[in-house]
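Undergrad: Take this sequence and fold it.
(one chain, ligands or ions: 1)
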Amino acid sequence: MKKLFFAILLSVSGAVSIDSAQAQNVPLMAPTSVEVYKAFGEKPGLVKLMDDFMPRLVANPLTGPLFAPSNQEHIKKELVEQFCQVLGGPCTYQGQSMKSAHARLNINKAQFNALVQELQISMDAMDIPFRAQNQLLAQLAPMYRDVITVK
Ligand code: HEM
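TA: Numbers count the residues shown, from 1 in each chain. Modelled structure (predicted):
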């Protein structure tokens, strides 16, 4: 069910032009309501989510080779800010654009999907309501165009 939802988002989002928004780190869709941010447990909830998510990314054979040698604490911090912003929270993501952060990583679709799956597992483990999970996935889905650089 969740996978189907995400697959539909991915295919639909291909039609949207996002380059200029991405270049300025502007969220691709309007931020969700602050209620969604609350459903994630606000900042402490996002920090907890990242503490669960990052080890899963390191352990996954598709994403591990990129995350294991990376500055995991830094990425977790940036992800908290980014997710806080796209979930409608009181944050402004000031990290790199998705295009420049991932430009030299040679990420393919299978790796992108693996990251999304691990995120879903983490969100389930944190008991985040299904509807709120989907709101986050809807915000992240269009970013695939800037993250995936390898066919
Ligand atoms: C929607 C999907 C994704 C989002 C929202 C996302 C988000 C981010 C963010 C916020 C950063 C930190 C940028 C900064 O330092 O300013 C980052 C860095 C990074 N991401 Fe992603 N990412 C996504 C997909 C992926 C995938 C699929 C992989 C690999 C399988 C990946 C690997 C990395 C790595 C290795 C870094 C660190 C790069 C460096 O240190 O230069 N990301 N990502």
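Undergrad: Please name the residues that touch Leu43.
TA: Not quite, residue 43 is Lys, not Leu. 80, 84, 89, 91 (Cβ atoms under 8 Å, 6 or more residues apart in numbering). Every residue, glycine included, has its C-beta placed from N, CA and C.
Undergrad: Near the last one, how many residues? Count them for me, please.
TA: Here the number of neighbours of Cys91 (other Cβ atoms under 10 Å) works out to 17.
Undergrad: Would you enumerate the residues in contact with it?
TA: 43, 80-81, 84-85.
Undergrad: That one in helix, strand or coil?
TA: coil (DSSP: H, G, I helix; E, B strand; the rest coil).
Undergrad: What is the nearest of the contacts of Lys43 to the ligand?
TA: The ligand lies nearest to Val80 out of the contacts of Lys43, by Cβ to the nearest ligand atom, at 9.1 Å.
Undergrad: right, and the closest one touches Met50 too?
TA: Yes - Val80 is in contact with Met50 according to Cβ atoms under 8 Å; the separation is 5.8 Å.
Undergrad: Which two among the contacts of Lys43 are spaced furthest apart?
TA: Maximum pairwise distance among those (Cβ to Cβ): 9.6 Å, between Val80 and Gly89.
Undergrad: what helix or strand is Ala132 on?
TA: Using DSSP states H and E, Ala132 sits in helix 130-140.
Undergrad: what about the helix or strand following that helix, near the ligand?
TA: On the C-terminal side of helix 130-140, the closest following helix or strand by DSSP H and E is helix 144-147. Yes - shown here: helix 144-147 in contact with the ligand (Cβ under 6 Å from any ligand atom) through Val147.
Undergrad: before we move on, what about stretch 57-65?
TA: Yes - Stretch 57-65 reaches the ligand (Cβ under 6 Å from any ligand atom) through Thr63.
Undergrad: Tell me the span between the first and last residue of that stretch.
TA: This stretch, stretch 57-65, spans 9 Å end to end (Cα to Cα, to the nearest Å).
Undergrad: what's that stretch in contact with?
TA: Contacts to stretch 57-65, defined as Cβ under 8 Å, 6+ apart, come from residues 67-68, 72, 110-111, 114-115, 118.
Undergrad: From these, keep the buried residues only.
TA: 67, 111, 114-115, 118 (16 or more other Cβ atoms under 10 Å).
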